[in-house]
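# Here is my input, please return the structure:
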Amino acid sequence: MTNISIEGVTLPSGKPQHESPGDWKRYFSFSTDHKVIGIQYLVTAFIFFLVGGIFAMVIRGELITPESDLIDRTVYNGMFTMHGTVMLFLWTFPSLVGFANYLVPLMIGARDMAFPRLNAVAFWMVPVVGILLMGSFFAPGGPAQAGWWAYPPVSLQNPTGHLINGQVIWLLAVAISGVSSIMGAVNFVTTIVKMRAPGMTFFRMPLFVWAVLSAQIIQLFGLPALTAGAVMLLLDLTAGTAFFDPSKGGNPVMFQHYFWFYSHPAVYVIILPIFGIFSEIFPVYSRKPLFGYKVVAVSSLLIAVVSAIVWVHHLYVSGTPAWMRMLFMLTTMLVSVPTGIKVFAWVATIWGGKLRLTTPMLFALGGLILFVFAGIVGIMLSSVPVDVHVNNTYFVVGHFHYVLFGTVTMGLYAAFYHWFPKMTGRMYYESWGKLHFWLTFIGVNLNFLPMHPLGLQGMLRRVSSYAPEYEFWNIIASLGSFLLGMSTLPFIFNMIVSWMHGPKALSNPWRAIGLEWLVSSPPPVENFEEIPIVISEPYGYGKSEPLTLQSHQQPHS
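Modelled structure (predicted):
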């Protein structure tokens, strides 16, 4: 094996290196290998992403005409609720946890997660959540119909009279999902704090690890509130308690506080790892060190801190006192400061770089562009007069989907392509990747941009019929939805065919930096034959110095 020096980075090169082919059955087993669990998360999440996407296309098929003429309104409400629930609890969270599972131990020089069995248990709770939610379609009265936020008193209605109904199953699934995520958060924080390789100080960690740490701290402090609220609502439905039932003296607005105390910070739980992905990808494909590494790292923690004091902007029209409106308007605007620092650093990194517009870079750039638009609209919505005016309209839906699909899903696609060679030992097909990007980028804007003028004109969300004056923009949005559905086909084809028959990948095909690129592709079972010792700043994250290791040997193939 020879060594080559690439812009100050010394990395192993030579023939492609691969571990012996593993048994595919391990992906269906109770494996404790963090890499197997990571791929289990990713594949499971993508399957549910397709399910949630089918629900979305049915919803947009209903909305392509003003009349409610495709499906029954009850079925529409159920699909509407399940679309949001699946995309949040079974796509975005599990997929990001999947990437974190696969990458964090490799990036910090650890052999595995701190609690491997707990890690496996946390994953296998995810299919249970999915089975419960899909099974709720066969419950009396069908699935939950109160939206993915399940506000009482709507969520307390039980027209069938059955003790076990769709809403009860939904709450049980959400509670299980919450427990799984708390277990994962404990595991990630412990792993990052306690299991870093010698010399891997906090300010030598990759920014993806910083982002995961910040997101999981939010999970630890915020998620118990949502889980408690779901359990209390479940007791109202099944045990006759009156926490949120106004007919029995309960306070339904209190549930909104429980829900949004976590569910708005949850946006940062989702978006922070995407920011970490951007911070890993832009330097590699710009051939430049990341601008302002330490400030970008600390900004992730600042976002985590500020996220705890912004939730009330969702309650502006719920009888919130004027002083509270003003306070939370300011705190909501404040979160844009550390976020803006990240955007500035990414643009400064890209500016003047030797850009390589490969598929991961295209998805990262597209996600950044869409995030800037979503951020501008988000600052508008933080303002009390604007939010009150467009509350409960499609303007909010458009903003939310620019964040969740335009930024998060685009960022996830960038990560899939960037780390695909590391995970599989194979290269994907670039032409199919670029086709996937353009179909997705065009589809996102056709689908969600029209929702902004619709909201400004006054079209309410959560409806299956509407006034004819809104028809034009709804047709455009529905066509965009169908295009987004089609855009997944080249991705599925590319991933499956490439994994089976793609060209073999070098250990570091992108000439990237980071410990994960110093091992074979795919990595061996315990990652490193010897735990690496980091003795200098990582190139690309701080000073322009090579990532220097002591006692590092290439793992056996």
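# And the strands in this protein?
With DSSP state E, the ranges of strands along the chain come out as 3-6, 9-12, 533-534, 549-550.
# These: lowest mean pLDDT?
For the strands of the chain, mean pLDDT drops lowest on strand 3-6, to a mean of 30.
# in terms of contact, does residue 143 touch residue 81 like I think?
Yes - Residue 143 lies in contact with residue 81 (CB atoms under 8 Å); the separation is 6.4 Å. In this view, the C-beta of every residue, glycine as well, is placed from N, C-alpha and C.
# got any residues that touch both of these two?
Any residue near both residue 143 and residue 81 by CB atoms under 8 Å, 6 or more residues apart in numbering counts here, and that gives residue 170.
# As a check, name the ranges of all helices in the stretch 451-557 of the chain.
Remark: helices assigned in the stretch 451-557 of the chain by DSSP state H, counting those that start in this stretch are 451-457, 471-501.
# again with the stretch 151-300 of the chain
Here the stretch 151-300 of the chain has its helices, by DSSP H, counting those that start in this stretch, at 166-194, 207-238, 252-263, 265-286, 293-306.
# and those, which is most packed in?
The highest average neighbour count among the helices of the stretch 151-300 of the chain, using mean count of other CB atoms under 10 Å, belongs to helix 265-286 at a mean of 26.
# between that helix and helix 207-238, how many degrees?
160 degrees (axes from the mean of the first three to the mean of the last three CA atoms, to 10 degrees).
# pLDDT on helix 265-286, on average?
Helix 265-286 carries an average pLDDT of 96.
# do stretch 151-167 as well
Per-residue pLDDT over stretch 151-167 has a mean of 89.
# Touching that stretch from outside, list them.
With CB under 8 Å, 6+ apart, stretch 151-167 has contacts from 78, 136-137, 139-147, 150, 233, 236-238, 244-247, 250, 252, 255-256, 259.
# Swap in 6 Å and give it another go.
Among residues not part of stretch 151-167, those counted as contacts by CB atoms under 6 Å, 6 or more residues apart in numbering are 136, 139-144, 146, 236, 244-246, 252, 255.
# with these in mind, which one is nearest to residue 488?
Residue 488 has its nearest neighbour among those in residue 143, at 23.4 Å by CB to CB.
# how far away is that closest one from residue 256?
Separation of residue 143 from residue 256 (CB to CB, to the nearest Å): 22 Å.
# cool, and residue 349?
Plainly put, residue 349 is 40 Å away from residue 256 if you go by CB to CB.
# what about residue 218, distance to residue 520?
According to CB to CB, residue 218 and residue 520 sit 34 Å apart.
# One more: residue 505?
Going from residue 505 to residue 520 by CB to CB gives 10 Å.
# Look at these two and report which has more neighbours.
More crowded of residue 505 and residue 520, by other CB atoms under 10 Å: residue 505, with 24 against 21.
# Test my guess that the more buried one contacts residue 521.
Yes - the criterion here is CB atoms under 6 Å, and residue 505 meets it with residue 521 at 5.0 Å.
# Tell me the residues that contact both of the two, please.
Shared contacts of residue 505 and residue 521 (CB under 6 Å, 6+ apart): 421, 425.
# about what we covered before: with distance to residue 343 added, can I get the helices of the stretch 151-300 of the chain in JSON lines?
Shown next, in JSON lines, are these (distance: least, CB to CB, whole Å):
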{"stretch": "helix 166-194", "distance to residue 343": "25"}
{"stretch": "helix 207-238", "distance to residue 343": "14"}
{"stretch": "helix 252-263", "distance to residue 343": "24"}
{"stretch": "helix 265-286", "distance to residue 343": "9"}
{"stretch": "helix 293-306", "distance to residue 343": "10"}
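# Quick check: which ranges of the stretch 251-400 of the chain have low pLDDT?
When residues are selected by pLDDT under 70, none of them lie in the stretch 251-400 of the chain.
# how much space between residue 417 and residue 458?
40 Å.
# Do you know the pLDDT at residue 500?
Looking at residue 500, its pLDDT is 92.
# show me what contacts it?
So residue 500 contacts nothing (CB under 6 Å, 6+ apart).
# repeat for the one 5 residues further on
Each residue near residue 505 by CB under 6 Å, 6+ apart is listed here: 421, 425-427, 521.
# let's see 7 Å
By CB atoms under 7 Å, 6 or more residues apart in numbering, residue 505 lies in contact with 16, 421, 425-427, 521.
# How about the contacts made by the nearest residue to it once chain neighbours are set aside?
Leaving aside its sequence neighbours, residue 505 sits nearest to residue 421 (CB to CB, 6 or more residues apart in numbering; 3.6 Å). When contacts are counted by CB under 7 Å, 6+ apart, residue 421 touches 427, 505, 509, 521.
# I'd like the distance between the second one and residue 119.
This means residue 505. From residue 505 across to residue 119, the span is 26 Å (CB to CB).
# Equivalent analysis for the last one, please.
Separation of residue 521 from residue 119 (CB to CB) stands at 22 Å.
# With residue 133 instead?
Counting by CB to CB, the gap from residue 133 to residue 119 is 23 Å.
# could you give the mean pLDDT of stretch 37-56?
The predicted model gives stretch 37-56 an average pLDDT of 97.
# ranking the helices of the stretch 451-557 of the chain by burial, who's on top?
helix 451-457 (a mean of 20).
# which outside residues touch that helix?
Outside of helix 451-457, the residues within contact range by CB under 7 Å, 6+ apart are 390, 393-398, 470, 473, 477.
# which of those residues tops the neighbour count?
Neighbour-wise, the contacts of helix 451-457 (other CB under 10 Å) top out at residue 394, 30 neighbours.
# Please report how far that residue lies from residue 477.
With distances taken as CB to CB, residue 394 is found 9 Å from residue 477.
# Can you mark which positions in stretch 81-93 are buried?
Neighbour counts over stretch 81-93 (16 or more other CB atoms under 10 Å) mark 81-93 as buried.
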